[in-house]
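Enquirer: generate a structure from the sequence data that follows.
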Amino acid sequence: MSVLVSSQDIYLSTQQSGSASSQGSDDGFNRFRMCLNTAPLKTTENEIGRLSLTQFSAYRNFYLVNKYNNRVYLTWKKGGVDCSATLELTRQDYGTIGEIAQEFCDQLIAVFTAGGGGAGVVFTKNALAPALTYTKGQKGNGIFDLTLLAGAPHGITDVVLQCRQYIGTPRVDEEFGDSYALLGGKRIGELDATANSFTTSAPTTAKIQIVGFFPMQRSTTQYLYMNVSEATTNLESQNISSFLPLQDSHIISSNIIAKIPVNNEIVGFQLDTSTPYFVELDNKLLSNILFEIKDHHGRPLDTITDIATQGNLFSDLTLNWSVYARSNNVHELQAPFKNYNIEENEFAENVKRTTGSGF
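Expert: Presented below is the predicted three-dimensional model:
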């Protein structure tokens, strides 16, 4: 059994102070370093170090609807001519699921009115669900259901809406997205021009109906994942670290030290030294450790430009460094032998030495 030799807490903040220093590719939130040049973390022979994250806190100054979940690809035919557009929901927070549905509706109206209806054909909302105030827990199914009304016969056919989650050619990282989860559409996992994330129809020459399949949601990021630059013994499913089509259940080695819950205002947690979030390191001396914050597909967060270096996106965290002696460490090999794991009966030992008794 390993024996605790030493333990120390490390309090770390990535908040800028005074004139911001040159950090290269490190932005202070998605990527930052802990430099230990004057106080390196050390272990000796037959010892192992455990680096744990016991506390993390940051204000959630990034948006729940972002470049990774706001894209929907739209194609249709007008008079037999192929038309296409890329819809992008406004990157921001939305107070309710109904507000996201309204934004999606507004984007569709703008595209169909400008490029689909032609001169004199204006589209308006005839019916929309969920309602503007709808949020989880209220009565309803939360499924997107929109009917658009045109001022005249629109002549639009073959409407296809795709929530894509694959990398095409040319490569567009945002195309591997999570809009299917946000909007409750079917996930399109490979190139297929006819695959539709929604049910689309034109019940009359002046209407278009678009209906989702699953409940909508207000965000697509439940946790952030903190990674360390050192080799560890942790494991993860392959889809966490890559935004490519992979087998979700395939397990690979991992650099993840912790998963951090995302809440409305604060991203973080507070635990004690029994935290489940740690990595065990065999390095004899650590003077520089790189940390990266990523989402559930290994991507850096979509943040406002310069918000980490010049704005108010920074983190405050507490790490614990504990050193353990292995079972064959020097303490057990040299006399006097000492049991570091079980409290000894000192009275029995004294009697044994003075009387020679073996009880």
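
Enquirer: which residues in the stretch 101-250 of the chain form helices?
Expert: Under the criterion DSSP state H, counting those that start in this stretch, the stretch 101-250 of the chain contains helices at 179-183.

Enquirer: so how far is F112 from the residue nearest to N66 when sequence neighbours are not counted?
Expert: Closest residue to N66 apart from its sequence neighbours, by C-beta to C-beta, 6 or more residues apart in numbering: D302 at 3.8 Å. Just so you know, the C-beta spots here come from the backbone N, C-alpha and C atoms, and that holds for glycine as well. To F112, D302 is 27 Å away according to C-beta to C-beta, to the nearest Å.

Enquirer: likewise A195?
Expert: The gap separating A195 from F112 is 21 Å, by C-beta to C-beta.

Enquirer: tell me where the stretch 201-350 of the chain has strands.
Expert: 207-215, 223-228, 235-237, 251-253, 256-261, 266-270, 278-281, 285-286, 288-294, 315-325 (DSSP state E, counting those that start in this stretch).

Enquirer: can I get those in a markdown table including distance to L161?
Expert: Below are these laid out as a markdown table (distance: least, C-beta to C-beta, whole Å):
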| stretch | distance to L161 |
| --- | --- |
| strand 207-215 | 7 |
| strand 223-228 | 28 |
| strand 235-237 | 29 |
| strand 251-253 | 34 |
| strand 256-261 | 31 |
| strand 266-270 | 32 |
| strand 278-281 | 43 |
| strand 285-286 | 50 |
| strand 288-294 | 29 |
| strand 315-325 | 37 |
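
Enquirer: of all these, which one comes closest to S57?
Expert: S57 lies closest, by C-beta to C-beta, to one member of the strands of the stretch 201-350 of the chain: strand 266-270, at 3.7 Å.

Enquirer: residues in contact with that closest one?
Expert: 54-60, 224, 260-261, 315 (C-beta atoms under 8 Å, 6 or more residues apart in numbering).

Enquirer: can I get the buried part of these as one ChimeraX selection?
Expert: Here is the ChimeraX selection string for the buried members of these, based on 16 or more other C-beta atoms under 10 Å:
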select :54,55,56,57,58,60,224,260,315
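
Enquirer: most widely separated two among the contacts of strand 266-270?
Expert: T54 and R60 (20.4 Å).

Enquirer: pull the contacting residues for L51.
Expert: Under the criterion of C-beta under 8 Å, 6+ apart, the neighbours of L51 are 41, 228, 230, 257, 278-279, 281, 289, 319-321.

Enquirer: could you do F291 as well?
Expert: Going by C-beta under 8 Å, 6+ apart, F291 touches 31-34, 226-229, 257.

Enquirer: before we move on, what about A131?
Expert: 98, 140.

Enquirer: same deal with S201?
Expert: Going by C-beta under 8 Å, 6+ apart, the list of residues near S201 reads 208-209.

Enquirer: and if you look at K42?
Expert: 284-286, 323.

Enquirer: and for Y134?
Expert: 96-98, 101, 140, 142.

Enquirer: just the buried ones from those?
Expert: The neighbour-count criterion (16+ other C-beta under 10 Å) marks 96-98, 101, 142 among those as buried.

Enquirer: surely Y63 meets D93?
Expert: Yes - assessed by C-beta atoms under 8 Å, Y63 is found in contact with D93 at 5.7 Å.

Enquirer: of the two, which one has the most company?
Expert: Y63 (19 against 14; other C-beta atoms under 10 Å).

Enquirer: quick check: the more buried one vs T90, distance?
Expert: Y63 sits 9 Å away from T90, going by C-beta to C-beta.

Enquirer: ditto for D82
Expert: 27 Å.

Enquirer: what of P276?
Expert: Using C-beta to C-beta, P276 is found at 37 Å from T90.

Enquirer: who's more crowded, those two?
Expert: Shown here are P276 and T90; by other C-beta under 10 Å, T90 has more neighbours (12 against 9).

Enquirer: so where does that one fall, helix or strand?
Expert: Using DSSP states H and E, T90 sits in no helix or strand.

Enquirer: just to revisit the earlier point, closest to S25 out of the contacts of K42?
Expert: L286 (20.5 Å).

Enquirer: hang on, the earlier thing: greatest separation within the contacts of L51: which pair is it?
Expert: E230 and N320 (15.4 Å).
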